[in-house]
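In: Compute the structure for the input listed below.
(chains A and B)
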Amino acid sequence: MEKSYDHLRTEADWYRRWEEAGLFTPAPEPTGIPFSIILPPPNVTGSLHIGHALTLSLPDIIVRRKKMQGFHVLWLPGVDHAGIATQMMVEKNLKQETGQSKEDLGREKFLQLTWEWKERSQQQIVGQIKKLGLALDWTRMKFTLSDEMQRVVRKVFVALYREGKVYQGTYMVNRCPNCKTVLSDLEVEHKEVQGRLTHIRYPLRSDPRRWVVVATTRPETMLGDVAVAVHPKDPRYKKRIGQEILLPLTGRAIPIVGDEDVDREFGSGAVKVTPAHDPVDFRIALKHGLEKIVVIDERARMTGPIPERYLGLDRFACRRAVVEDLRAQGLIEKEEDYVHNVGHCQRCETMVEPNISKQWFLRTAELAPPAIEAVRAGETVFIPDKWKKVYFNWMENIQDWCISRQLWWGHRIPAFYCADCHEVIVSEQDPSACPKCGGARLHQDEDVLDTWFSSALWPFTTLGWQDDRADFRTFYPTSLMVTAFDIIFFWVARMMMMGLHFGKAVPFREVLINGLIRDEKGQKMSKTKGNAVDPLDIIREYGADALRFTLAIQAVPGMDIALAVGRVKGYKAFTNKIWNAARYVIMNLKGDEPAAFAPARLSAPDRWVLHRLNALAEKVNAGFDEYRLYEAADLIYHFVWDEYCDWYLEFSKSDLDSPDTRAVLKLTLLRILQLLHPFMPYLTEEIYQRIRLERAFLIQTEFPAFRSELVFPEAHAEVEALRRVVAETRRTRTENRIEPNKRIPVYLRCDAEAERRSLQAHLKYYDFLSRSQRTEIVDDFSGLPKGFRGVCPNWEILLPFTDDQDRQRELQRLRQEHDKLDKLIAQMEAKLGGGFAEKAPAEVILNFKKNLQEAIDKRAKIARTVVDLS
RNA sequence: GGGCGGUUAGCUCAGCUGGUAGAGCAUCGGUUUUACACGCCGGGUGUCAGAGGUUCAAACCCUCUACCGCCCA
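Out: Numbers count the residues shown, from 1 in each chain, chains lettered A, B, ... in the order given. Sure, this is the predicted structure:
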């Protein structure tokens, strides 16, 4: 084996071999309890980012352990067509390369181009996913816009339409003038912006010298005003209700209405009503039967029955023009700076334009309650628990979902319009004639569905619900969904509604919510900020295993991760450490190691390491079961480094001629590989192949579990005592600047007979680890050469001086330590004198007293030594 | 306006049911001991944001405050 671990070599080829061996493809017949996870499909917009590395690695770690535990595991991959995002990218690309717009190309050609883009992007993404080592079953891979998915999405849409849950209606929706499509409420981000509040005088029709002042941040919308509203109980305006305003610039007469929704505190207390361009005004208009005058079009340009000079102006240009004209007429009361919340397109950050239009909606009134109830009843569990509150809060206030989009890339809405009788036909098959009038002049709705619509169906459609396939029956409901909190509403909530409605059960039993990955300063990563970390760079430099381990050990559920590259580096060192531990073990194997061993024949360190490893397996399993992967990873890390390498391998060097010890070396190495395999699949596989036992691949072996026959409390206690004495000897040597390599004589004294006998029997370990030339355990230090002293529970250590300077140094050190202990003991005794002794549980007091006694003993020993040396 | 997080060693973070604080990196001293210098041995480092409360005992529970961040309306 090479002296250091080469992750590039190891990670190059294993994936192909795993895949070829079909390790990730579950057999048709269940071989155990089913366990399934559906991969949140990455968008085909480009490449994976570091956030994906987290949401991909965590379930993979879980999946690999489940496989090793004998579950019948499915981990199903897919990619998402990502409507808006992809279409915009392709459009941008097209513009850059040929200067053409998608309209220049036409729908069909543009879609063809997008499909080509999708193929390239998908290839890239799949390649990246494989680099991470994910145990995905590629034979079952899905794409949200495949023919199969188009069929099932259409089937679902038609079913919902027939149930009256999908409907077409003219309502106020959010429109992005840049993306040229409507958006759902969720795709709108509210951001505070610095605006101006303009107070405009609206003259009364009856007496143009008197006016009502209205305040607005959007003066250009006044061209579409149909009323002025005041609170019916507002004494300032009560008498004006029913009167009319002569709307400036247009000359239209509009009424003053009273409405309880008016906020009396805002501006002057009177508000202008523009129903076509403001959601609140829209509601007011509905109540009062006011007309809706559209004055801004889809591209945010002025339109409609307005003075010609404004027609075609951009909304912001028109705003300036309107204010200027009003000022010229002396109708601006005042203008003031004003900070307010404005909706922005999540995708392109353009200010959205509220706008009335005819769109398709999904009625949520009947879908949401079962989804709420399922979580309340514990059929789906959020981890951590607190996220269910977020879920409830949203679900209980859910609005109907606008599902149509003015895009080309997506599931085309299966609605057809008859040109003759205007009948709307929604059906699974394309109709050839109008069922009402028999006319053949039909055209399909131009719009496509919101991408999240197909995503909402993902857990059951990927498993073949539409054809009642065996996978659906075996793996639905899926076991777990791992995702970040930012898509609880977009995705998790909607999967719950659709899964329950069509799949007749919750889509997943558990939802593991992880945080976002930030940079090492805690800043959100973004390309524009330039602080984004490319997972492939990390993998190239440190390895997928190191990256996976770093993410796992930091992934406290629901908490953001600040990814410090230094940590990845640290865990890369860990991979090398494991490599070398394995190298040591394998180098020393002779092939004659017994397959089974009798505990009685094992050395104390052998039994100690088996005991420790067994305890580790128990805790690691508990960590996994409670989704504390970070804890499981941390425990393994410390066991391997601090116990296995630092102590057991060192102990074993004294026993290499024992076949039993060599057998234990081999077994413990295997167990470590198994425990670590979910986190570090490549490294562990590479090493496993060199000590391979009965199974071809590590993932086919059994994940270690706690076993009662591997509990050895006596050996454990003996070795722990031995470690303490060795550690204290080392400390004494270092503190006194005894050359690390120098072998010197050591005298030991012990207060506990059992420990003394045990150490006497294990002197070879002690001598080796503390570099003792010759060790003598004596009853009494008197009569021996004077020396440095070390003290630990039950033991005193004497390392003879080589000159008198040594003695002076030691005396000084001992006096200092004596003082320290004095203070500590005083503190502890004071505590014991207080209420602590009366009220604390007996066990705690006992432990405390033990610690106190140890301190007192140690102080006494030091005191004696000081006298002795003086 | 409502809600949720965070504030612990120089940096990034753990700390599960309250029992005198830990990891990685960095740092300091020593060390090429026959698996590993990506190593080994040893060390230093903290008014656990602040104030108050509950308790024998608080990083942990309660209240308030400050700052940072997020979500919803």
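In: what about the stretch 1-150 of chain A, any weak spots by pLDDT?
Out: Along the stretch 1-150 of chain A, segments meeting pLDDT under 70 span A:46.
In: Which single residue in it comes nearest to RNA strand B?
Out: Here the stretch 1-150 of chain A gets closest to RNA strand B at one residue, A:Ser4, 3.9 Å apart by Cβ to the nearest atom of the strand. (Glycine included, C-beta is placed from N, CA and C.)
In: residues near the closest residue to that residue other than its chain neighbours, how many?
Out: Counting by Cβ to Cβ, 6 or more residues apart in numbering, the nearest residue to A:Ser4 once its immediate chain neighbours are dropped is A:Asn576, at 5.7 Å. A total of 18 residues lie near A:Asn576 under the criterion other Cβ atoms under 10 Å.
In: A:Asn576 in helix, strand or coil?
Out: Here A:Asn576 is recorded as helix under DSSP: H, G, I helix; E, B strand; the rest coil.
In: In the stretch 351-500 of chain A, mark out all the strands, start to finish.
Out: Along the stretch 351-500 of chain A, the segments classed as strands by DSSP state E, counting those that start in this stretch run A:353-362, A:381-383, A:401-402, A:404-405, A:415-418, A:424-426, A:442-444, A:448-449, A:478-484.
In: Out of the ones you listed, which one sits most buried?
Out: Highest mean neighbour count among those (mean count of other Cβ atoms under 10 Å): strand A:404-405, with a mean of 27.
In: Partner strands of that one and their direction?
Out: Using DSSP bridges, strand A:404-405 pairs in its sheet with strand A:448-449 (antiparallel).
In: Report the rounded mean pLDDT for the strand it pairs with.
Out: Averaging pLDDT along strand A:448-449 yields 92.
In: Need the three-state assignment for A:Glu116.
Out: Per three-state DSSP, A:Glu116 ends up helix.
In: ok, back up a step: quick check: the residue nearest to A:Ser4 touching A:Tyr5?
Out: Yes. With contact defined as Cβ atoms under 8 Å, A:Asn576 and A:Tyr5 form a contacting pair (4.6 Å).
In: contacting residues around the residue of the stretch 1-150 of chain A closest to RNA strand B?
Out: A:576, A:579-580 (Cβ atoms under 8 Å, 6 or more residues apart in numbering).
In: Of those residues, which ones also sit close to RNA strand B?
Out: Of the residues in the contacts of A:Ser4, proximity to RNA strand B by Cβ under 7 Å from any atom of the strand holds for A:576, A:580.
In: could the contacts of A:Ser4 go into CSV alongside pLDDT?
Out: Formatted as CSV, the contacts of A:Ser4 follow (pLDDT from 0 to 100):
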residue, pLDDT
A:Asn576, 91
A:Trp579, 93
A:Asn580, 92
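In: Where does pLDDT dip in chain A?
Out: Within chain A, the ranges that satisfy pLDDT under 70 run A:46, A:519-532, A:834.
In: any idea which element the closest residue to A:Phe266 other than its chain neighbours lies in?
Out: Excluding its sequence neighbours, the residue lying closest to A:Phe266 (Cβ to Cβ, 6+ apart) is A:Ala215, at 6.8 Å. Under the criterion of DSSP states H and E, A:Ala215 resides in strand A:211-216.
In: Point out the other helices and strands that that strand packs with.
Out: In terms of contacts (3 or more Cβ pairs under 8 Å, 6 or more residues apart in numbering; DSSP states H and E), strand A:211-216 is packed against strand A:188-203, strand A:227-230, strand A:270-273.
In: The second one - contacts with which helices or strands?
Out: Counting contacts by 3+ Cβ pairs under 8 Å, 6+ apart, strand A:227-230 packs against strand A:211-216, strand A:253-258, strand A:270-273, helix A:279-288.
In: again, 10 Å this time
Out: Contacts defined by 3 or more Cβ pairs under 10 Å, 6 or more residues apart in numbering; DSSP states H and E place strand A:227-230 against strand A:211-216, strand A:244-246, strand A:253-258, strand A:270-273, helix A:279-288.
In: Mean neighbour count, the ones you listed: which tops it?
Out: strand A:270-273 comes out most buried of the helices and strands packed on strand A:227-230 by mean count of other Cβ under 10 Å, with a mean of 26.
In: which other helices and strands contact that one?
Out: Identification of packing neighbours for strand A:270-273 by 3+ Cβ pairs under 10 Å, 6+ apart yields strand A:188-203, strand A:211-216, strand A:227-230, strand A:253-258, helix A:279-288.
In: Give me the sheet partners of the shortest one and which way each runs.
Out: Think strand A:227-230. Take DSSP bridges as the rule and strand A:227-230 pairs in its sheet with strand A:253-258 (parallel), strand A:270-273 (antiparallel).
In: Identify the residues contacting that strand?
Out: A:202, A:212-214, A:236-238, A:240-241, A:243-245, A:247, A:254-262, A:264, A:268-275, A:280-281, A:284-285, A:287-288, A:290-291 (Cβ atoms under 10 Å, 6 or more residues apart in numbering).
In: ok, how many other residues are close to A:Pro370?
Out: 14.
In: Give me the neighbour count for the closest residue to it other than its chain neighbours.
Out: On the basis of Cβ to Cβ, 6+ apart, the spatially nearest residue to A:Pro370 that is not a chain neighbour turns out to be A:Leu500, at 4.9 Å. As a burial measure, A:Leu500 scores 21 neighbours (other Cβ under 10 Å).
In: swap in A:Ala562?
Out: Applying other Cβ under 10 Å, we find 16 residues neighbouring A:Ala562.
In: Same check on A:Glu753?
Out: Neighbours around A:Glu753, by other Cβ under 10 Å: 9.
In: and the spatially most central residue of chain A, what are its bridge partners?
Out: Residue closest to the average C-alpha location in chain A (Cα atoms, centre = their mean): A:Asn514, at 2.8 Å. Beta-bridge partners for A:Asn514, by DSSP bridges, are A:Ala484.
In: residues from the stretch 701-850 of chain A in reach of RNA strand B?
Out: Within the stretch 701-850 of chain A, the positions adjacent to RNA strand B are A:727, A:730-731, A:733-735, A:739-741, A:824, A:827-828, A:831, A:834-836, A:838-841, A:844, A:847-848 by Cβ under 7 Å from any atom of the strand.
In: if we go to 6 Å?
Out: By Cβ under 6 Å from any atom of the strand, the residues of the stretch 701-850 of chain A that approach RNA strand B are A:727, A:730-731, A:734, A:740-741, A:827-828, A:831, A:834-836, A:839-841, A:844.
In: My guess is A:Leu516 contacts A:Thr483. True?
Out: No. Judged on Cβ atoms under 10 Å, A:Leu516 makes no contact with A:Thr483 at a distance of 11.5 Å.
In: tell me the contacts of A:Lys577?
Out: Contacts here follow Cβ under 10 Å, 6+ apart; on that basis A:Lys577 touches A:5, A:571, A:637, A:640-641, A:644-645.
In: Now, of those, which are buried?
Out: Among the contacts of A:Lys577, the ones that count as buried by 16 or more other Cβ atoms under 10 Å are A:5, A:571, A:637, A:640, A:644-645.
In: ok, so of the residues you listed, who is nearest RNA strand B?
Out: RNA strand B lies nearest to A:Cys645 out of the buried ones among the contacts of A:Lys577, by Cβ to the nearest atom of the strand, at 3.7 Å.
In: and the residue lying closest to that closest one once chain neighbours are set aside, how far is that from RNA strand B?
Out: Spatial nearest neighbour of A:Cys645, chain neighbours left out: A:Ala581 (5.2 Å); criterion: Cβ to Cβ, 6+ apart. For A:Ala581, the distance to RNA strand B equals 4 Å [Cβ to the nearest atom of the strand, to the nearest Å].
In: How about A:Trp409?
Out: 24 Å.
In: now A:Phe679
Out: To RNA strand B, A:Phe679 is 15 Å away according to Cβ to the nearest atom of the strand.
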